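Participant: Here is a sequence together with a model predicted from it:
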Amino acid sequence: MANTMDRRRLLSTAVLGGAGIAGATALGSLAPEAAFAAEPVKIAPGAPDPNFAEGRVTSITGSVVLLAGSDGALHRIQVTNGTSIWKFQPTTFDKLTKGDGMYVRGVRLPDGTLAADSLWANIVNLTAHIASVGRNVLYLDHHGKRLIGHVVPGTTAAVYNGTPAISDVSLLKVGGHVQVIGAWHPDTNEISIATVYAAN
Amino acid sequence: MLQSLAALQSLLVGVVLIWSARIKLLDRRVAGQVGNSALGTLLGPERAVPAYRLLGGVELLLGVALVLPPAPVAEPVAATALAAGFVGYLWYARRVAPGASCGCLSAKATPVTGRSIGRAGVLALAGLFGVAAGGTYWLPALTGAPAASVGLLLAEAALIVALSPEFDSGWLLPLRRLRVRLTSPLRGGSGVPLLASVQQLQLSAAYRQVAALLTSDVREHWLEESWRMVCYSARYQGRPATAVFAVPAAEVAPDRVRVALVDDSTGATLVSLADPAYAS
């Protein structure tokens, strides 16, 4: 905990301290030639992206996660200090559990392990109609199937008509069409809603 | 009394059949949708539309015969058989083509549910009562006891509507909207959600300058006075680094977003960017 506070203080000072303001050129040339000179990604058309994996967690050993992909492929995922982990919100490695579904983006190592840059656990992206509303619960009609979406005060964000996100979800209408980014509760028809997009 | 109330069932079944036939025969949208309905799945899209129209014709003939005199007992018998057929068809369709539209009482695509099967069951039951009336016409029954008859018919019609997902938008959704208005069950939270800060930082010049260096999604975030700090992993000149953005928490001002790249191993600030106009 003290470590986290020290680290955060260091980072805050770095960005707010005002020292060492540098121009964009500190990051190298902004000329288009520099961008086009970058190595192209070597993936044959139609071939699976080697730097991506998806599946359900079958085991977690140390910082290595084994995934069973929906196409039957098995993946070894190496999680590092630099990996971003999302499970309903940005979180830490210890929150991952067996049975979580996940999408992982990273760099494939020579031994076939995927070194994870970003990892999203149980993330879902759904379009649905709001069939009914309960106490901080949306009953969603997703192509004829019923889903239960939990609103989590303080975390759930709502975007109305593409305007900046706000915390107030009370403007959602029964019968309205919504798009929901959320975290699936594994093996149920329930999700926690991270963001709900709606017209209003 | 019971005999005359049973005779009324022919009127109910007849009206429902005529309503159903009206959709099947006259609604132009239906032809395009039948292919996607359970009938299309079971018979194939080419045969579905003629079969659907034929069914509408049978429903219309039977419905008109039930409503108009004379009232031979064969009419409610045929109606009961048709309704029982619907029960079987819907039950089968739900197993074979789950999620497919029922195409029953409305052009609106409504999946086959327990409610639509229950509705066909109610019609079959009403048909059976009609058979029990034994060829009595409904008009004398209606004029004989108008209050009881109209009450019963209204109650049965309400039951049919309640069992019809097609009509939900007419009564169920307004009721639910009213309940939401009265109880306001969605409280949500207060404060600025993380997404608002991320949207703002993605619009900033600071983000555009370092975006190519970022390797991860948001790793952590916290509030620091009037700023929200948002951290990403990054690589800068081959070294792993943390990109820390300071986003104004309480206002929408992408121009004020700052970023610093901090070396992960030494803690040294590699790059710090802020709009010169706002740099302190």
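Facilitator: Here it is on my side, so go on.

Participant: Spatially central residue (nearest the centroid) of chain B, please.
Facilitator: B:Thr110 (8.0 Å; Cα atoms, centre = their mean).

Participant: Just confirm yes or no for the longest strand seen in chain A near chain B.
Facilitator: Ranked by number of residues, the top strand in chain A under DSSP state E is strand A:123-134. Yes - using Cβ under 8 Å from any Cβ of the partner chain, strand A:123-134 comes into contact with chain B via A:132-134. Where you see a C-beta, it was placed from the backbone N, CA and C, and this is true even at glycine.

Participant: pLDDT value on A:Leu27, please?
Facilitator: Predicted confidence (pLDDT) at A:Leu27: the value is 61.

Participant: Same check on B:Leu66?
Facilitator: The per-residue pLDDT of B:Leu66 was computed as 86.

Participant: same question, the one 4 residues further on
Facilitator: Note on B:Pro70: pLDDT of 77.

Participant: Kindly provide the distance from it to B:Ser265.
Facilitator: From B:Pro70 across to B:Ser265, the span is 97 Å (Cβ to Cβ, to the nearest Å).

Participant: Kindly report the same for B:Met229.
Facilitator: According to Cβ to Cβ, B:Met229 stands 20 Å off from B:Ser265.

Participant: the more surrounded of those two?
Facilitator: Neighbour totals were compared for B:Met229 and B:Ser265, and B:Met229 leads with 20 against 8 (other Cβ atoms under 10 Å in any protein chain shown).

Participant: for that one, phi and psi?
Facilitator: phi -90, psi 130 (degrees, to the nearest 10).

Participant: unless I'm mixing things up, B:Pro165 is touching B:Arg115, no?
Facilitator: Yes - B:Pro165 is within contact range of B:Arg115, at 5.8 Å (criterion: Cβ atoms under 8 Å).

Participant: Neighbour count for these two, which is higher?
Facilitator: Between B:Pro165 and B:Arg115, counted using other Cβ under 10 Å, B:Pro165 has the larger neighbour count: 20 against 16.

Participant: Skipping adjacent residues, who's closest to that one in space?
Facilitator: Closest residue to B:Pro165 apart from its sequence neighbours, by Cβ to Cβ, 6 or more residues apart in numbering or on different chains: B:Thr110 at 4.5 Å.

Participant: Now do the contacts for the one you found.
Facilitator: B:Thr110 sits next to B:101-102, B:104, B:116, B:165-166 when contact means Cβ atoms under 8 Å, 6 or more residues apart in numbering or on different chains.

Participant: One more pass at 6 Å, please.
Facilitator: Neighbour list for B:Thr110: B:101-102, B:165-166 [criterion: Cβ atoms under 6 Å, 6 or more residues apart in numbering or on different chains].

Participant: Can you tell me which of the residues you listed lies closest to chain A?
Facilitator: Distance to chain A across the contacts of B:Thr110 (Cβ to the nearest Cβ) is lowest for B:Ser101, with 8.8 Å.

Participant: helices or strands up against the lengthiest helix in chain B?
Facilitator: Identified as the longest helix of chain B according to DSSP state H is helix B:2-26. Contacts defined by 3 or more Cβ pairs under 6 Å, 6 or more residues apart in numbering or on different chains; DSSP states H and E place helix B:2-26 against helix B:45-67, helix B:114-132, helix B:138-144, helix B:146-162.

Participant: Tell me the buried residues in the first one?
Facilitator: For helix B:45-67, the neighbour count (16 or more other Cβ atoms under 10 Å in any protein chain shown) marks B:48-49, B:51-53, B:55-56, B:59-60, B:62-63, B:65-67 as buried.

Participant: can you check the last one too?
Facilitator: Judged by neighbour count (16+ other Cβ under 10 Å), helix B:146-162 contains these buried residues: B:149, B:152-153, B:156, B:160-161.

Participant: contacts for that helix?
Facilitator: Residues outside helix B:146-162 that contact it (Cβ under 6 Å, 6+ apart): B:5, B:8, B:12, B:142, B:167.

Participant: Now tabulate those in a markdown table and tack on pLDDT.
Facilitator: Output for those, formatted as a markdown table (pLDDT from 0 to 100):
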| residue | pLDDT |
| --- | --- |
| B:Leu5 | 78 |
| B:Leu8 | 85 |
| B:Leu12 | 90 |
| B:Leu142 | 81 |
| B:Phe167 | 85 |
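
Participant: Just name the closest of these to chain A, please.
Facilitator: Lowest distance from chain A to the contacts of helix B:146-162 (Cβ to the nearest Cβ) belongs to B:Phe167, with 13.5 Å.

Participant: what's the closest non-adjacent residue to the closest one?
Facilitator: In space, and not counting its chain neighbours, B:Phe167 is closest to B:Val161: 5.1 Å by Cβ to Cβ, 6+ apart.

Participant: Dump the helix or strand that contains B:Tyr92 to CSV, keeping only the CA atoms.
Facilitator: Taking DSSP states H and E as the criterion, B:Tyr92 maps to helix B:74-96. Presented in CSV, the C-alpha positions along helix B:74-96 are these (Å, rounded to 0.1, in the frame of the first residue of the first chain):
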residue,chain,number,x,y,z
ALA,B,74,-69.0,-28.4,-36.2
GLU,B,75,-67.7,-24.7,-36.1
PRO,B,76,-66.4,-24.7,-32.5
VAL,B,77,-65.1,-28.2,-33.1
ALA,B,78,-63.0,-27.0,-36.1
ALA,B,79,-61.9,-23.9,-34.1
THR,B,80,-60.8,-26.1,-31.2
ALA,B,81,-58.9,-28.4,-33.5
LEU,B,82,-57.2,-25.3,-35.2
ALA,B,83,-56.2,-23.8,-31.8
ALA,B,84,-54.9,-27.2,-30.6
GLY,B,85,-52.9,-27.3,-33.8
PHE,B,86,-51.5,-23.9,-33.0
VAL,B,87,-50.4,-25.2,-29.5
GLY,B,88,-48.6,-28.1,-31.1
TYR,B,89,-47.1,-25.9,-33.8
LEU,B,90,-45.8,-23.3,-31.4
TRP,B,91,-44.4,-25.9,-29.0
TYR,B,92,-42.6,-27.6,-31.8
ALA,B,93,-41.4,-24.3,-33.3
ARG,B,94,-40.0,-23.3,-29.9
ARG,B,95,-38.0,-26.5,-29.8
VAL,B,96,-36.9,-26.6,-33.4
